[in-house]
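Asks: Okay, here's the prediction I keep looking at, along with the sequence it came from:
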Amino acid sequence: MRTVVFPGSFDPFHNGHLEVVERAASLFDEVVVAALRNPQKSDPLFTLEERQEMIRESVTHLQSVTITAVTKLLVDVARDVGAHAIVKGLRAVSDFENELQMAQMNRQLSGVETIFIPTSSRSSFIASRLLREVARFGGDVSSFVPVPVAARLVKQFRE
């Protein structure tokens, strides 16, 4: 069985993320979506548990996808789940520069390869940071996120 890990903060999970999961699921036997707390990013809007649940609710149509939380090095998670590779989505050339460094470090640490999946143009501008900002000020982001995520964003900012 060929397994791949798709890591990210997913705060919130959006249609660009979903596209990468769906495409990875068509290429691999199992996709492990690994929600993580990124210390380089600001305080998360949703807890790890909430993010895992939103992802789970968003990928119910995909039988080969599992969700986990990451609290250690990604290469250790990849080893723990028996992953053959790490998959990362790319929106723009600027993403590639940062992701390439991480891919090279992960390969040196563990031998695990990273596969890049470029998003389609309909998803290339979507960023969790922008979605949080728009939703915080009452904007409608429902066309950019799966239905379960849209509902949670409305609830989050209504309170």
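Replies: Perfect, thanks for sending it.

Asks: From now on I want contacts and neighbour counts done on CA atoms only, so please keep to that.
Replies: OK.

Asks: The helix or strand hosting Phe116 pairs with which strands, and in what direction?
Replies: In this assignment (DSSP states H and E), Phe116 forms part of strand 113-118. Paired strands of strand 113-118, with direction, are strand 85-90 (parallel) (DSSP bridges).

Asks: List of residues touching the strand it pairs with?
Replies: The set of residues external to strand 85-90 that reach it, using C-alpha atoms under 8 Å, 6 or more residues apart in numbering, is 3-7, 17, 20, 24, 78, 96, 99, 112-119, 124.

Asks: Go again with 7 Å.
Replies: Outside strand 85-90, the residues within contact range by C-alpha atoms under 7 Å, 6 or more residues apart in numbering are 4-6, 20, 96, 112-119.

Asks: Quick check: next helix or strand after the strand holding Phe116?
Replies: Next helix or strand after strand 113-118 toward the C-terminus (DSSP H and E): helix 128-136.

Asks: Now do the buried residues in that next one.
Replies: For helix 128-136, the neighbour count (16 or more other C-alpha atoms under 10 Å) marks Ser128, Leu131, Arg132, Ala135 as buried.
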